[in-house]
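In: Below are the sequence and a predicted model; questions follow.
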Amino acid sequence: MSQNVLILGAPGAGKGTQSARIAEEFDVEHVTTGDALRANKHMETEHGTPASFMDEGELVPDPVVNEIVRAALSEADGFVLDGYPRNLSQAEYLDDITDLDVVLYLDVDEDELVNRLTGRRLDPETGDIYHVEYNPPESEEVEERLVQREDDTEETVRERLRVYRENTRPVIDHYEERGDLVRIDGEQTPDEVWEDIRETIENEA
Ligand code: AMP
């Protein structure tokens, strides 16, 4: 039976990397609001363009994001949801439209998040994620084409973490109070984190 998985954690906790592995291993849809919004950054909505919020590290208004998630989940036979909900009102909306089988929380210390995000680089051709220090590419050709996400600069990263503390921490408490949350130590290596996640999802099946 296909699973509905929610993955929570701060920016830079490893949600994108681990979600891609979950989607592949468990054959579910990877639904990520960050990627969906980046693909539509300059779309005019009655609330303004997503870019006008994203480039400042602020949350895009709920109606825009809720609609993206509603449409994506209605088409998915099993999913891993990444980057949503980011505040309590989104969490309530999600409660209304779907049931979750597994809620994972990738726990990473804040100093570590700043290092990870400001050093993060992307390969625009493959979508692969690197880090200037922890995970540089082996080939010079790849190294030369790497780009930095516009919101991974130090100033915007600090603001994203502030928004996370203020708006998204309460979402984690919301699931924890319901007894649904499985905490994963996100400071382990990516492979170790993956092992914990895989075991958790298999046990919940
Ligand atoms: P991410 O790739 O998940 O780090 O998201 C990048 C940016 O997209 C965030 O800093 C927000 O501006 C916006 N965004 C992504 N998901 C949401 C969401 N659930 N609610 C509001 N804004 C979002």
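Out: Nice, thanks for sending it over. Numbering: from 1, shown residues only.

In: Asp196 belongs to a strand, doesn't it?
Out: No. Asp196: not assigned to a strand; according to DSSP: H, G, I helix; E, B strand; the rest coil it is helix.

In: secondary structure element for the residue in the chain positioned nearest to the ligand?
Out: Using CB to the nearest ligand atom, Gly34 is the residue of the chain that sits closest to the ligand, at 2.1 Å. C-beta here means a position set from N, CA and C on the backbone, and glycine is covered the same way. Using DSSP states H and E, Gly34 falls within helix 33-39.

In: give me the number of residues near the residue nearest to Ser2 when sequence neighbours are not counted?
Out: Nearest non-adjacent residue to Ser2, counting by CB to CB, 6 or more residues apart in numbering: Gly78, 2.6 Å away. For Gly78, the neighbour count with other CB atoms under 10 Å is 15.

In: Do a quick rundown of the strands in this structure.
Out: Under the criterion DSSP state E, the chain carries strands at the ranges 4-9, 29-32, 79-82, 102-107, 120-122, 129-131, 181-185.

In: Indicate which one of these is closest to Asp55.
Out: If you check each of the strands of the chain against Asp55 by CB to CB, strand 120-122 wins as the nearest, at 16.2 Å.

In: quick one: is the closest one near the ligand?
Out: No. On the criterion CB under 6 Å from any ligand atom, strand 120-122 is out of touch with the ligand, staying 10.4 Å away.

In: Give me the helices and strands touching that strand, please.
Out: Under the contact criterion of 3 or more CB pairs under 8 Å, 6 or more residues apart in numbering; DSSP states H and E, strand 120-122 touches strand 129-131.

In: Contacts made by the strand it packs on with the rest, please.
Out: Residues outside strand 129-131 that contact it (CB atoms under 8 Å, 6 or more residues apart in numbering): 16-17, 116, 119-123, 135-137, 142, 146.

In: what residue of the protein is the furthest out?
Out: Relative to the centre of the chain, the most outlying C-alpha is that of Glu140, 28.6 Å out, by CA atoms, centre = their mean.

In: What distance do you get for that one to Val114?
Out: 28 Å (CB to CB, to the nearest Å).

In: and if you look at Met1?
Out: 40 Å.

In: Equivalent analysis for Glu125, please.
Out: With CB to CB as the criterion, Glu125 and Val114 are 27 Å apart.

In: Just want to know which of the two has more residues nearby.
Out: Neighbour count, other CB under 10 Å: between Glu125 and Val114, Val114 has more, with 16 against 9.

In: The nearest residue to the more buried one once chain neighbours are set aside: what's it in contact with?
Out: In space, and not counting its chain neighbours, Val114 is closest to Val157: 5.9 Å by CB to CB, 6+ apart. Going by CB under 8 Å, 6+ apart, Val157 touches Pro11, Gly12, Gly57, Leu113, Val114, Leu117, Thr118, Asp151.
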